[in-house]
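Asks: Got a predicted model here, sequence first, then my questions.
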Amino acid sequence: KNTSWVSCDGAKNRCGLAQDGSPVCVAGHRGSGVNCNKERSFYCSHKADDPTTAICKYPEEHSCYNTKCHGIYNNSHLLVDCPQDHAHCDVLPSGLPLCVPDSRNTGEGILCMGKYSCSADDTTGDAVCNGKRDMKDLWVVLAVALAVVVIMITICVVKRRSKSADRQFLLAPSSYPSDG
């Protein structure tokens, strides 16, 4: 028997403790929960760090979405594929992960900035933003390098012409001082 948790539908029941301290599901009484904003699209879920606490999940616009759902309790090591850009995660009363196809309520993900592509961690299914380098950066580097080369060639040509002009001045008869 699992003594750390029991499955209990909080909409019709409430959780309690037996005399030995183990959890029990008390039938016929509504359990603790949370009121959701019915003006917005939502689905019910649980807190990530506390699967016994209900929360309202409102779909958010993400850049990249997670691709797997995790189980809870004794099934926390189990994952199921779930493209959360058009689905969201839930769990069965047993704690097994469940992917719920839903065109209105998307699942979890992350926001990315700049130019990016999406991928997901192979193990956890958590979304990852991969930054993209713009080709413009490469063109800027090439333009600067070309400008430096042109400047260096110009300096060499000017120096060479300057030396040539100095030699001609020295060899010309008019450049010698005259006696007299």
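Replies: Here it is on my side, so go on.

Asks: quick one: contacts for S7?
Replies: 25, 93-95 (Cβ atoms under 8 Å, 6 or more residues apart in numbering). All C-beta spots, glycine's among them, are computed from the backbone N, C-alpha and C.

Asks: Find the helix or strand that K159 is a member of.
Replies: Using DSSP states H and E, K159 falls within helix 135-171.

Asks: quick one: average pLDDT of that helix?
Replies: Averaged across helix 135-171, the pLDDT comes to 77.

Asks: again, but for stretch 81-89
Replies: Rounded mean pLDDT across stretch 81-89 is 94.

Asks: Now, of the contacts of S7, which are buried?
Replies: Buried subset of the contacts of S7 (neighbour count, 16 or more other Cβ atoms under 10 Å): 25, 95.

Asks: Would you report the backbone torsion angles of the nearest residue to L17 once chain neighbours are set aside?
Replies: Counting by Cβ to Cβ, 6 or more residues apart in numbering, the nearest residue to L17 once its immediate chain neighbours are dropped is P23, at 6.3 Å. Backbone torsions for P23, taken as degrees, to the nearest 10, come to phi -70, psi 150.

Asks: how near is P23 to S7?
Replies: As for P23, its distance to S7 is 10 Å (criterion: Cβ to Cβ, to the nearest Å).

Asks: So for the strand ranked longest in the chain, what gets flagged as buried?
Replies: Secondary structure assigned by DSSP state E gives strand 50-57 as the longest strand of the chain. With burial defined by 16+ other Cβ under 10 Å, the residues of strand 50-57 counted as buried are 51, 54, 57.

Asks: What are the contacting residues of the helix or strand hosting C129?
Replies: Using DSSP H and E, C129 sits within strand 127-131. Applying Cβ under 8 Å, 6+ apart, the set of residues contacting strand 127-131 from outside is 62-67, 108-110, 112-121.

Asks: Same question for stretch 40-56.
Replies: Against stretch 40-56 from outside (Cβ under 8 Å, 6+ apart): 5, 10, 15, 32-37, 57-59, 72-73, 88-91, 95, 100, 102, 104-105.

Asks: What's the ChimeraX syntax to select whichever of those residues are buried?
Replies: Buried residues among the contacts of stretch 40-56 (16+ other Cβ under 10 Å), as a ChimeraX selection:
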select :10,15,36,57,59,72,73,88,89,90,91,95,102,105
